[in-house]
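# Predicted model, plus sequence, below.
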Amino acid sequence: MPSKRAVQCPVCGTLVEQPAAYCRCGQSLLKEIVAGQVQPLPPPPRTITRPEQSNRDNYAVAGFVLGICSVGFPFLGPLSIPCGLVGLPLSIMGLKSRNRGLAVAGIVLSSICVVLIVLALCFVGVLLSVFKLADTPTFGR
């Protein structure tokens, strides 16, 4: 039975059994003869891949931007209300993304807007009821 030969990698020094063409570090263990000289083969090309951006990252950014628009720009007037109402669920969906900080900031800003909307509606309701009571004639005069 033929014995397997171990070859030492010239780069990292790891002992690799002979049928392997490359070491774990990527160094070629095969040699080719070029013009009478023995030269090692070049290492295999390494591909660098960018991590995929998920939709949740986009949700976090969109929720943050809408939260800023809803609270930071009061001159938008009625346009800030839908910004806050849409920004809150988008920020919540973006919580499991790499941009978690933006999602949390979007939740805070959109929540402030929603609370201000509820308070404004309550204030308008109270004012309408007060003015409606002031306009009604009193009995006994």
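Okay, I see it.

# Can you name the residues that contact Phe64?
87, 91, 99, 102-103, 105-106, 109 (Cβ atoms under 8 Å, 6 or more residues apart in numbering). C-beta: built from backbone N, CA, C; applies to glycine.

# Closest one of the residues you listed to Thr14?
Using Cβ to Cβ, Asn99 comes nearest to Thr14 of those, at 39.9 Å.

# Neighbours of the closest one, how many?
By other Cβ atoms under 10 Å, 21 other residues sit near Asn99.

# how about the residue nearest to it when sequence neighbours are not counted, phi and psi?
Spatial nearest neighbour of Asn99, excluding adjacent residues (Cβ to Cβ, 6 or more residues apart in numbering): Ala60 at 4.0 Å. The phi and psi values for Ala60, taken as degrees, to the nearest 10, are phi -60, psi -40.

# Ala60: what's it in contact with?
Contacts of Ala60 (Cβ under 8 Å, 6+ apart): 90-91, 94-95, 97, 99-100, 102-103, 106.

# any idea how far the residue nearest to the spatial centre of the chain lies from Gly67?
With distances taken as Cα atoms, centre = their mean, Asp57 lies nearest the centre of the chain, 2.5 Å away. Separation of Asp57 from Gly67 (Cβ to Cβ, to the nearest Å): 16 Å.

# and what of Leu127?
Leu127 sits 28 Å away from Gly67, going by Cβ to Cβ.

# more crowded one of the two?
Between Leu127 and Gly67, counted using other Cβ under 10 Å, the more crowded position is Gly67 (28 against 10).

# Does that one touch Gly87 like I think?
Yes. Counting by Cβ atoms under 8 Å, Gly87 is a contact partner of Gly67 at 4.5 Å.

# shared neighbours of the two, anything?
Residues touching both Gly67 and Gly87 (Cβ under 8 Å, 6+ apart) are 106, 109-110, 113.

# possible to save these as JSON lines with secondary structure, pLDDT and neighbour count?
Shown next, in JSON lines, are those (DSSP: H, G, I helix; E, B strand; the rest coil; pLDDT from 0 to 100; neighbours: other Cβ atoms under 10 Å):
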{"residue": "Gly106", "secondary structure": "helix", "pLDDT": "93", "neighbour count": "29"}
{"residue": "Leu109", "secondary structure": "helix", "pLDDT": "91", "neighbour count": "25"}
{"residue": "Ser110", "secondary structure": "helix", "pLDDT": "91", "neighbour count": "28"}
{"residue": "Cys113", "secondary structure": "helix", "pLDDT": "86", "neighbour count": "24"}
